[in-house]
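In: Starting from these lines, generate the structure:
(one chain, ligands or ions: 2)
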Amino acid sequence: MTSPIELAPGCLWWQGWLSRDQQQALADDLRALLAEAPLFTPRMPRTGKPFSVRMSNCGPLGWVSDAAGYRYQPLHPETGRAWPPFPPVLLRAWGELAACPAPPEACLINWYGEGARMGLHQDRDEEEFGAPVLSLSLGDTAVFRIGGIKRTDPTRSIRLASGDALLLSGPSRLAFHGIDRILPGSSTLLKQPGRINLTLRRVHRADDAATGAL
Ligand code: MD3
Ligand code: FE
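Out: Ligands and ions are numbered 1, 2, ... in the order given. This next block holds a predicted model:
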């Protein structure tokens, strides 16, 4: 396995963790998955302003956002159906990289088309911040920015390329982060310009009995 770079305490970056063939296989899985659970346009709480990123999910729970607020729910907001199961490679990634005994409960699928971006934010809609978040990138390279736990802390930026894995744990779990822009045409993986980011997460605190702890 490639050895990771520690960008900040608890923030580990594996460049090219997925081979080109593995990236292609995962992109194919996602094409089928998105036919079952189509991308939707999330909206800001209260104002209803649309995000430029479109989203779907897989696994038992999915993250959604609309005028009523941010939340995790078991059903797709538009089809009313359960989210599709995790593609097996995502469970393998979690098992090999996350160092978390409990399985992931949610995988948010972000689609960045032309001009999409994600402003600086913290991920704090989960009940469990002790568990890490694991991200996998496919397609065009993104300029990713990460700072500290205060919005005004200094930030650094890196380019997340297709096949990269990024783990956010410990002190980095509540770091401010965002996507400044996508570099169109930087990858030939997908059939159209754009980027897919997958984030595997736990939502609830693990039940010790269920994870085998004494
Ligand atoms: C740092 N997604 O879905 S993934 C998100 O590329 C999100 O789509 C970005 O931020 C994307 O919430 C960044 C890398 C990432 C994910 C979760 C984090 C970085 C993080 C949680 C805490 C700190
Ligand atoms: Fe985030």
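In: Kindly check the end-to-end length of stretch 120-131 for me.
Out: Taking Cα to Cα, to the nearest Å, stretch 120-131 runs 21 Å from one end to the other.
In: So, low pLDDT: which residues of the protein?
Out: Applying pLDDT under 70 to the chain flags residues 1, 208-214.
In: Flag every residue of it that's near ligand 1.
Out: When proximity is defined by Cβ under 6 Å from any ligand atom, the chain lies next to ligand 1 at 108, 110, 118, 123, 133, 135, 142, 146, 166, 168, 172-173, 175, 177, 179, 197, 199. C-beta here means a position set from N, CA and C on the backbone, and glycine is covered the same way.
In: one more time with 5 Å, if that's ok
Out: For the chain, the residues in contact with ligand 1 (Cβ under 5 Å from any ligand atom) are 110, 123, 133, 135, 168, 175, 177, 179, 197, 199.
In: And the second one, how close does it get to Thr141?
Out: The one in question is Asp123. With the distance defined as Cβ to Cβ, to the nearest Å, Asp123 ends up 22 Å from Thr141.
In: Equivalent analysis for the third one, please.
Out: In this structure, Val133 and Thr141 are 20 Å apart, going by Cβ to Cβ.
In: Of these two, give the one with the bigger neighbour count.
Out: With neighbours defined as other Cβ atoms under 10 Å, Val133 and Thr141 compare such that Val133 has more, 22 against 19.
In: Quick check, the residue in the protein closest to ligand 1?
Out: Asn197 (3.3 Å; Cβ to the nearest ligand atom).
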